[in-house]
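J.: please work out how this folds:
(4 chains)
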2 protein chains.
Amino acid sequence: MRRRGEELERAILDAAAQELRESGYAGMTMDRVAARAGTNKNAIYRRWPHRAALGVAAYRQLSDDVMPQPDTGTLRGDALELLRRANETWSSPHGVILRALLAAAADEPELLTLMRAPSGADTMDRAWLSVLERAAGRGEAPAAAVHQRVASTPIMLLRAEYATRGVPSVPDGILAEIVDEVFLPLVRGRA
Amino acid sequence: MRRRGEELERAILDAAAQELRESGYAGMTMDRVAARAGTNKNAIYRRWPHRAALGVAAYRQLSDDVMPQPDTGTLRGDALELLRRANETWSSPHGVILRALLAAAADEPELLTLMRAPSGADTMDRAWLSVLERAAGRGEAPAAAVHQRVASTPIMLLRAEYATRGVPSVPDGILAEIVDEVFLPLVRGRA
DNA sequence: ACAATAGGGTACGACCCGTACCCTATAAGG
DNA sequence: CCTTATAGGGTACGGGTCGTACCCTATTGT
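T.: Now for the predicted structure:
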């Protein structure tokens, strides 16, 4: 009863994901993945060329969370809510792994493109855009502010916050500052 | 004639910096640094605990460029100029090394704080603040917009651009977009 | 002159990646 | 049903790296 193809691939991915969970990307070594999957590195390298490629694939197993739309009735409330959720995601164990992967793949462009989807960048952007659209519908924001780059700004700032500080989690005050000092003035102008 | 203390330390740092220049951070191996400095790893590890620590210290040798104040007469011109310079810095060989170091030190908070200074974050922030202050003096910006977080936003966005795309350099159109769609509306509101 | 210190030389253990080789179970095809 | 190509399993290895240990020697300062 020797596993093959699909089944074996699943087993490898599960093992890699488990290693990621337990030891992070730095601890996800090929030998350990092979051992845990009950196979050998041969079968792994036949499928993924690098350790990093396996890491990305395994991370994908790990994260398939959807980002539900918040609807607090105000632009500020929606924005703060989205930012808080993003902060939770990034500071969670998943986020730690994700950041390690991003860091490790910093100089391999192909891996970065692979990372884009699982990092939730697209669904995230859509969520922010729809928050902006609803605000525009309520008259809380001008139509000109419904813009891709405006929508992505708060997340970019949060991400940069993680990159510059080494903190495990960004304090809530910073989130509020991003919303009140950047996002809201950007959308509505300064009152 | 055996070198000691200050002199030896200089030689090690110079060797490390040279290795960084030639082979990047990944290629800056301890053995090679020791060989190039004409010493051995002993002397290195007596001074720096990690490879990463030596990398940071060596990078400091490499980059002591000042950021001269642009003064184009308009807020938009100043901002675009600062952003272009930052883009050049980040896309230069130095920038590549810097990014590799930042990535490598992503999970060691002490190293991140060490990186803050050489990454030019402080001088950069001051430059942006003074641009904002001059704009306020000309009546081009409200006093409320002279704010730390406003000042740091464009650089944060540029940095995030480097992080998400794997590009060696951010195209000028993106810089203009950051200025026109985010920075200027943020400072002056939407006309 | 002599002891404490710091460098130099070298070797080593531990770890990891990626590859090679050889054997065997399985699946497909005649 | 038998044969053959394929893919897994086991294992070992080369190459490279980090960080440490040991022992000897030059230099410094007392």
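J.: quick check: longest helix of chain A.
T.: In chain A, taking DSSP state H as the definition, the longest helix is helix A:5-27.
J.: buried residues in it?
T.: Using 16 or more other Cβ atoms under 10 Å in any protein chain shown as the test for burial, helix A:5-27 gives A:8-9, A:11-13, A:15-20, A:24-25. C-beta: built from backbone N, CA, C; applies to glycine.
J.: name the residues of chain A found near DNA strand D, please.
T.: Within chain A, the positions near DNA strand D by Cβ under 7 Å from any atom of the strand are A:Arg2, A:Arg3, A:Arg4, A:Gly5, A:Leu8, A:Gly38, A:Thr39, A:Asn40, A:Lys41, A:Asn42, A:Ala43, A:Arg46.
J.: now, which of these lie close to DNA strand C?
T.: Contacts with DNA strand C within those, as defined by Cβ under 7 Å from any atom of the strand: A:Arg2, A:Arg4, A:Asn40, A:Lys41, A:Asn42.
J.: now A:Glu81, nearest residue through space, not along the chain?
T.: Closest residue in space to A:Glu81, ignoring its immediate chain neighbours: A:Pro70 at 3.9 Å, by Cβ to Cβ, 6 or more residues apart in numbering or on different chains.
J.: counting by contacts, list what the longest helix of chain A packs against.
T.: Using 3 or more Cβ pairs under 8 Å, 6 or more residues apart in numbering or on different chains; DSSP states H and E, the elements in contact with helix A:5-27 are helix A:30-37, helix A:41-45, helix A:51-62, helix A:93-104.
J.: could you give me the buried positions within the second one?
T.: For helix A:41-45, the buried set under the neighbour-count rule, 16+ other Cβ under 10 Å, comprises A:Ala43, A:Ile44.
J.: quickly, which of the helices and strands packed on helix A:5-27 bottoms out on average pLDDT?
T.: Note on the helices and strands packed on helix A:5-27: helix A:93-104 shows the lowest mean pLDDT, a mean of 75.
J.: tell me the residues of chain A that contact DNA strand C?
T.: Within chain A, the positions adjacent to DNA strand C are A:1-2, A:4, A:27-32, A:40-42, A:45, A:49-51 by Cβ under 7 Å from any atom of the strand.
J.: of the residues you listed, closest to chain B?
T.: Closest to chain B out of those is A:Gly27 (11.7 Å), distances taken as Cβ to the nearest Cβ.
J.: from A:Pro185, how far off is the closest one?
T.: 43 Å (Cβ to Cβ, to the nearest Å).
J.: kindly report the same for A:Ala58.
T.: According to Cβ to Cβ, A:Ala58 and A:Pro185 sit 41 Å apart.
J.: these two: which has the busier surroundings?
T.: Set A:Ala58 next to A:Pro185 and count neighbours by other Cβ atoms under 10 Å in any protein chain shown: A:Ala58 wins out with 25 against 22.
J.: correct me, but the more buried one touches A:Arg21?
T.: No. Contact criterion Cβ atoms under 8 Å: A:Ala58 and A:Arg21 do not qualify, at 9.5 Å.
J.: hey, what's in contact with both of the two?
T.: Among the neighbours of A:Ala58, none is also in contact with A:Arg21 (Cβ atoms under 8 Å, 6 or more residues apart in numbering or on different chains).
J.: and the residue of chain A nearest DNA strand D?
T.: Nearest to DNA strand D in chain A, going by Cβ to the nearest atom of the strand, is A:Thr39, at a distance of 3.0 Å.
J.: who's in contact with that residue?
T.: With contact taken as Cβ under 8 Å, 6+ apart, A:Thr39 is in contact with A:Arg3, A:Leu8, A:Ala11, A:Ile12.
J.: closest one to DNA strand C out of those, please.
T.: For the contacts of A:Thr39, the nearest to DNA strand C is A:Arg3 (8.2 Å; Cβ to the nearest atom of the strand).
J.: and that closest one, how far is that from A:Gly38?
T.: Going from A:Arg3 to A:Gly38 by Cβ to Cβ gives 8 Å.
J.: okay, and the common contacts of these two?
T.: By the contact definition Cβ under 8 Å, 6+ apart, A:Arg3 and A:Gly38 are jointly contacted by A:Ala11.
J.: what about the two, which has more around it?
T.: Comparing A:Arg3 with A:Gly38 by other Cβ under 10 Å, the one with more neighbours is A:Arg3, at 15 against 11.
J.: you'd agree the residue nearest to A:Glu81 is up against A:Arg76?
T.: No. Checked against Cβ under 8 Å, the pair A:Pro70 and A:Arg76 is beyond contact range at 11.4 Å.
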